[in-house]
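Asks: This is a predicted model, with the sequence first.
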Amino acid sequence: MKLLAYSLLDIDEYMQAEDTNRIITLFKRVYRIQEEMIHLFSLLDTMSPKEYQEIRLKLAGGSGLGSPGFNTLREMGSHLWKSFTSRYLDNHDLTVEKIYDDAYTYSDAYMVAEALADYDELIQMFRYRHLQPIQRSIGMGSKSLRGRPVQFLEEGLAHRFFPALWEIRNKMTDQWASKHGEVRDPLRE
Ligand code: HEM
């Protein structure tokens, strides 16, 4: 998470400079780290619930919510979005709608927007994968060491760092549906 956070800081600087190639290249590193993080959860699946209870006794009130790495990632979301919108959109009189729809050209702005969407998606996958070892060890019906019902973590699955990049897909689908109909004819009768 520390390496992720530092890479995102670099990406933020390259966004200020509108250096798209460096942004895309660094995002590749970010995705690989994210994939490793997701993949490594399977190691925890080999631990029995009984073994985890022993580890848990040593955790006191420790919580993933206090993770400095994850909290930095949380903060980075708004920094990245601010840099993206000011440099790639406002600076060029563009909007999310334009780059995805009206003025869609696979532009630099579109490429960077999609790189942000990929990052957002992998955070979702991390959050989802994190639930599996919890189900296997303490169970989703229990309380965290800070006394919160573990189920609240499911709410995190709906969180998006860059909601505008997801909302545009709804909007475009609605527009297409209003023009071409919501339901299409089957390919074969
Ligand atoms: C058996 C293993 C694990 C269990 C039982 C577990 C359990 C939990 C619980 C109960 C919470 C909620 C915290 C609270 O209410 O204070 C939480 C949050 C969190 N955990 Fe874990 N965890 C495990 C492994 C991990 C690992 C390996 C990582 C890091 C790679 C991690 C990262 C996090 C993060 C970042 C949060 C905050 C999540 C968010 O805000 O969506 N956890 N975990």
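Replies: Cool, got the structure.

Asks: List the residues that contact L80.
Replies: With contact taken as Cβ atoms under 8 Å, 6 or more residues apart in numbering, L80 is in contact with 8, 11-12, 15, 116, 161-162. In short, each C-beta sits where N, CA and C put it, glycine included.

Asks: what about the residue most central in space within the chain, helix or strand, and which?
Replies: In the chain, the residue lying closest to the centroid (Cα atoms, centre = their mean) is D120, at 2.2 Å. Per DSSP states H and E, D120 falls inside helix 108-137.

Asks: tell me what that helix is packed against?
Replies: The contact analysis (3 or more Cβ pairs under 8 Å, 6 or more residues apart in numbering; DSSP states H and E) places helix 108-137 against helix 20-44, helix 49-57, helix 68-83, helix 163-180.

Asks: list the buried ones in the shortest one?
Replies: If you call a residue buried by 16 or more other Cβ atoms under 10 Å, then helix 49-57 has these buried ones: Y52.

Asks: any bit of it sitting next to the ligand?
Replies: Yes: applying Cβ under 6 Å from any ligand atom, one finds that helix 49-57 is in contact with the ligand at Y52.

Asks: isn't S137 right up against T46?
Replies: No: if you go by Cβ atoms under 8 Å, S137 and T46 don't touch, sitting 11.1 Å apart.

Asks: gap between the residue nearest to F161 when sequence neighbours are not counted and E97?
Replies: Nearest residue to F161, sequence neighbours excluded (Cβ to Cβ, 6 or more residues apart in numbering): G77, at 3.6 Å. Here G77 is placed at a distance of 21 Å from E97 (Cβ to Cβ, to the nearest Å).

Asks: cool, and F84?
Replies: Applying Cβ to Cβ to F84 and E97 gives a distance of 15 Å.

Asks: Compare the two and say which one has the larger neighbour count.
Replies: Each of F84 and E97 has its neighbours counted (other Cβ atoms under 10 Å); F84 has more, 24 against 16.
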